[in-house]
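Trainee: heads up, no residue letters with this:
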Ligand SMILES: [Zn+2]
């Protein structure tokens, strides 16, 4: 991430936060609003040798060390899957366990990583500009890890600051929340979000579909369309589902398929009650489904959501999801 790639709504929030004091911040909001980017910029600025009120200089040795992921005074605490996705090095032991297939990359923040972080926060700063612990997504700490962090948050060793970024802050221990200053992530205006998506390479009409599909959350929009779908597939999704076409979900995880079906269901219910759809254009939706069939479909999808992370058989689950959708949408 370089300076000019920083989204405008992140820059504004950064300036507001930098103007305030506090050794521990919690950035809270739903996914896709950029809490990780904001947390990293706060860390970068706190450690920068020549920071301004607007942020880090991007030229000093400290900024460079962050860019190449080797800053001795920054401890990044994330699930291993997130570390790998966001290009942060794992510690040697963890990397070799994963390379030798002794275990899979962890989706939780591991307690041994937390112990390293606690030890880190007690060391002296290497560059003399303090130290930062960045935790993301903070809700992925289990209770043991959270309690270890809590002790350090309560009695920070001098020059260490914390920035916790969370996409589900209600899942955090209340004691963690109460030790932090909480910043609620701001939603970008749709003009700002559309402009940003176009800077990332989408054309104007794609950007519109992407942002709508993600319910107005720009980073979710970008991630979704970079990995799984294209805008044309999204537009035609409701009609494909009502035909019983399973191939549309060919490259999707069950969890992504359930999300998409929930969005179709939400919008169909909205149409029935005379509200504007949120995730699709009204013309992309279908006529059909009764209030009762859509409501019970919505309940079934909420239940499916709970098993979608660990389905017994992906193919069978997708098949069942599509046939359930078809019957809900075709009922009168
Ligand atoms: Zn700098």
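Mentor: Sure thing, it's come through. Quick caveat: nothing in here was measured; it's all calculated off a predicted structure.
Trainee: how much space between the residue in the stretch 201-332 of the chain that the ion sits nearest to and residue 269?
Mentor: Distances between the stretch 201-332 of the chain and the ion by Cβ to the ion are smallest at residue 219, namely 24.3 Å. Backbone N, C-alpha and C define where each C-beta goes, glycine included. Going from residue 219 to residue 269 by Cβ to Cβ, to the nearest Å gives 26 Å.
Trainee: neighbour-wise, which of those two wins?
Mentor: Shown here are residue 219 and residue 269; by other Cβ atoms under 10 Å, residue 219 has more neighbours (22 against 17).
Trainee: list the contacts of residue 166.
Mentor: By Cβ atoms under 8 Å, 6 or more residues apart in numbering, the residues touching residue 166 are 26, 27, 28, 29, 35, 136, 137, 138, 139, 172.
Trainee: now do 7 Å
Mentor: Applying Cβ atoms under 7 Å, 6 or more residues apart in numbering, we find residue 166 in contact with 26, 27, 28, 35, 137, 138, 139, 172.
Trainee: tally of neighbours for the nearest residue to the third one once chain neighbours are set aside?
Mentor: Ranked by Cβ to Cβ, 6 or more residues apart in numbering and with sequence neighbours excluded, the top spatial neighbour of residue 28 is residue 169, at 3.7 Å. Other residues lying near residue 169 total 23 when counted by other Cβ under 10 Å.
Trainee: which helix runs longest in this protein?
Mentor: In the chain, taking DSSP state H as the definition, the longest helix is helix 254-272.
Trainee: list the buried residues of that one.
Mentor: Using 16 or more other Cβ atoms under 10 Å as the test for burial, helix 254-272 gives 254, 256-271.
Trainee: what's next to that helix, contact-wise?
Mentor: With contacts defined as Cβ under 7 Å, 6+ apart, helix 254-272 is touched by 228, 237-238, 241, 249, 276-280, 282, 285, 289, 291, 294, 297-298, 301, 304-305, 308-309, 311, 314, 317-318, 321, 325.
Trainee: give me the distance from that helix to the chain's centre.
Mentor: Relative to its chain's centre, helix 254-272 lies at 20 Å (Cα atoms, centre = their mean, to the nearest Å).
Trainee: packing partners for whichever helix or strand comes after it?
Mentor: For helix 254-272, the following helix or strand on the C-terminal side (DSSP states H and E) is helix 291-307. On a contact count with 3 or more Cβ pairs under 7 Å, 6 or more residues apart in numbering; DSSP states H and E, helix 291-307 meets helix 254-272, helix 314-330.
Trainee: report the buried residues of helix 291-307.
Mentor: Residues 293, 294, 297, 298, 300, 301, 304 are the ones in helix 291-307 that count as buried (16+ other Cβ under 10 Å).
Trainee: and what of stretch 137-144?
Mentor: In terms of neighbour count (16+ other Cβ under 10 Å), stretch 137-144 has its buried residues at 137, 138, 139, 140, 141.
Trainee: any low-confidence regions in this protein?
Mentor: For the chain, residues meeting the criterion pLDDT under 70 lie at 1-4, 228-229.
Trainee: so which residues on it come close to the ion?
Mentor: 48, 56, 57, 60, 63 (Cβ under 5 Å from the ion).
Trainee: just the buried residues from those, in ChimeraX please.
Mentor: Applying 16+ other Cβ under 10 Å to the residues of the chain next to the ion leaves a buried subset, and the ChimeraX line that selects it is:
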select :48,56,57,60,63
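Trainee: let me have the residues of the chain next to the ion in JSON lines, extended by secondary structure and distance to residue 188.
Mentor: Output for those, formatted as JSON lines (DSSP: H, G, I helix; E, B strand; the rest coil; distance: Cβ to Cβ, whole Å):
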{"residue": "48", "secondary structure": "coil", "distance to residue 188": "25"}
{"residue": "56", "secondary structure": "coil", "distance to residue 188": "21"}
{"residue": "57", "secondary structure": "coil", "distance to residue 188": "25"}
{"residue": "60", "secondary structure": "coil", "distance to residue 188": "29"}
{"residue": "63", "secondary structure": "helix", "distance to residue 188": "25"}
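Trainee: picking up where we left off before, so what's the residue nearest to residue 28 up against?
Mentor: Counting by Cβ under 7 Å, 6+ apart, residue 169 touches 26, 28, 139, 177.
Trainee: state the distance from it to residue 216.
Mentor: Taken as Cβ to Cβ, the span from residue 169 to residue 216 is 19 Å.
Trainee: show me where the protein has its strands.
Mentor: For the chain, applying DSSP state E gives strands covering 24-28, 74-77, 131-135, 160-166, 181-184.
Trainee: residues contacting the last one, please?
Mentor: Right, strand 181-184. With Cβ under 7 Å, 6+ apart, strand 181-184 has contacts from 17, 22, 24, 25, 26, 27, 28, 29.
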